[in-house]
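Peer 1: what follows is a predicted protein model with its sequence.
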Amino acid sequence: MTTRTLFLAALLACLLPVAARAAERKAAPLAAPVVAPAAPAAPAAGAVRVVAGDATRGAALYGLHCASCHGADARGGGPLAAGLGAPAPTDLRDFAFLMQRGDDELQQAIAGGGKARGRSYTMPAFAAQLPPLDVWDLVAFVRDGQPSVAEYFPAAAHFTAKTYAFDADGLRRLEAAVGALAADEGKMVLVTAYGGDKVEGDAPAYVADDPRLLASLKPKLKLGYLGFAKVKLPGLPEVPICLALDKDGAVARVTPRLDGLAEKDREAVAKLLAGYEGQGGKKSPYAELKFPAPAPAKGKKPAPKKDAPKDGAEAAKALTRPYLRTVEAAVQFDKEERERHWAD
Ligand code: HEC
């Protein structure tokens, strides 16, 4: 091969994936989403691979077409919301909601309206007004800033997402640990991540709540869990958080959703949530979280153990509630998993 043909071959190799992606992007909105899961061996069938739209363009489109109902901040409280009756426009910044929808499902809801997804007719269809690429830009905007399963579990190939209403045993354990639960604390959205074979670079695929698909997820490949909640830290507005637990139930990470918060509040939230990693789990199952002692400055002896500052103690207490609710949801998930795999 001459240098020139080599160069051409290299150039082609670079361009082909771009062309393929462009074709995919064009084709994606038209392709019928593969939701009907025929083969239990292929849980990835629930997810149609889509090239990301442009969230910035999406934000502008959102302001024009969606903010009137879903609110300028996308949290569901637009000026038209009150007149619609129930259900209210969805809070599009809710982690738990977003985890339970694939990109293809968001696209269907926007293009085909609520009725295309078996939901309320008050969510209008936009396919007649907006070209398909605009709809994908809106999907990108809705997704923007959402934690991805891969961010917490880079090895994840699949994940499930399900809302658990706590059973009587769970409620008893929880109330004994944290006191009476508010009405909306009786349930929890749980994501469970699994490793396994996947194409390098592919996002983990959502596995729908279908017994045949779930049976294909091997318990020994389980990586951990994500729980979603809102937490009210002392002196700060309520923030949505995502709690990542490893497969033994220890805290792997806690991340807040910070958009919409003032700069000083962001710092305060980040400070109160830093450093919980490793608490709970097998070492201390069902334990309250403790405000983490600040790491000693380099070269200095660890500071003498003092009681947590008042804010810190309150923050730890506030965080213990969603933490134990996530643990409880994981207990229920594991129970169902054992029942699915008893014959393995
Ligand atoms: C006339 C008011 C109205 C407008 C305008 C509107 N929506 Fe909605 N939307 C709703 C309501 C109400 C729901 C809740 C439907 C339900 O839960 O049954 C909803 C639900 C949704 C959902 C969730 C669907 C699901 O799977 O549960 C998405 C996503 C969404 N809207 C996106 C958008 C986007 C993007 C726009 C702008 C292009 C938009 N909406 C414009 C009222 C509206």
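Peer 2: Received it, and whenever you're ready, just let me know what you need. Numbering: from 1, shown residues only.
Peer 1: surely Thr255 forms part of a strand?
Peer 2: Yes - with DSSP: H, G, I helix; E, B strand; the rest coil as the criterion, Thr255 is located in a strand.
Peer 1: need phi/psi at the residue of the stretch 201-344 of the chain found nearest the ligand.
Peer 2: With distances taken as CB to the nearest ligand atom, the stretch 201-344 of the chain approaches the ligand most closely at Tyr206, which sits 13.0 Å away. (Each C-beta comes from the backbone N, C-alpha and C, glycine too.) Per-residue torsions, Tyr206: phi -70, psi 130 (degrees, to the nearest 10).
Peer 1: and it, how many neighbours?
Peer 2: The burial count assigned to Tyr206 is 23, neighbours taken as other CB atoms under 10 Å.
Peer 1: in the protein, which spans are helices?
Peer 2: Secondary structure of the chain, counting by DSSP state H: helices at 3-27, 55-65, 67-70, 81-84, 95-99, 103-112, 132-143, 149-152, 168-178, 211-215, 263-273, 310-340.
Peer 1: save those helices as TSV, and put in distance to the ligand and mean neighbour count too.
Peer 2: TSV is the format used below for those (distance: least, CB to the nearest ligand atom, whole Å; neighbours: other CB atoms under 10 Å):
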stretch	distance to the ligand	mean neighbour count
helix 3-27	18	11
helix 55-65	4	16
helix 67-70	3	18
helix 81-84	5	12
helix 95-99	7	21
helix 103-112	4	21
helix 132-143	4	22
helix 149-152	18	20
helix 168-178	27	15
helix 211-215	19	16
helix 263-273	26	16
helix 310-340	21	19
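Peer 1: Asp202 is nearest to which of these?
Peer 2: Go through those one by one with CB to CB and the one that ends up closest to Asp202 is helix 149-152, at 9.1 Å.
Peer 1: quick one: list the elements packing against the closest one.
Peer 2: Taking 3 or more CB pairs under 8 Å, 6 or more residues apart in numbering; DSSP states H and E as the contact definition, the neighbouring helices and strands of helix 149-152 are strand 187-194, strand 222-231.
Peer 1: just the C-alpha atoms of the last one, please, in CSV.
Peer 2: Yep, that's strand 222-231 we're talking about. As requested, C-alpha coordinates have been extracted for strand 222-231 and formatted as CSV (Å, rounded to 0.1, in the frame of the first residue of the first chain):
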residue,chain,number,x,y,z
LYS,A,222,-24.7,-7.3,40.6
LEU,A,223,-22.7,-4.1,41.2
GLY,A,224,-24.8,-2.0,43.4
TYR,A,225,-27.9,0.2,43.8
LEU,A,226,-29.0,3.8,43.3
GLY,A,227,-31.7,5.4,45.5
PHE,A,228,-33.3,8.7,44.8
ALA,A,229,-34.8,11.1,47.3
LYS,A,230,-35.1,14.7,48.3
VAL,A,231,-33.2,15.8,51.4
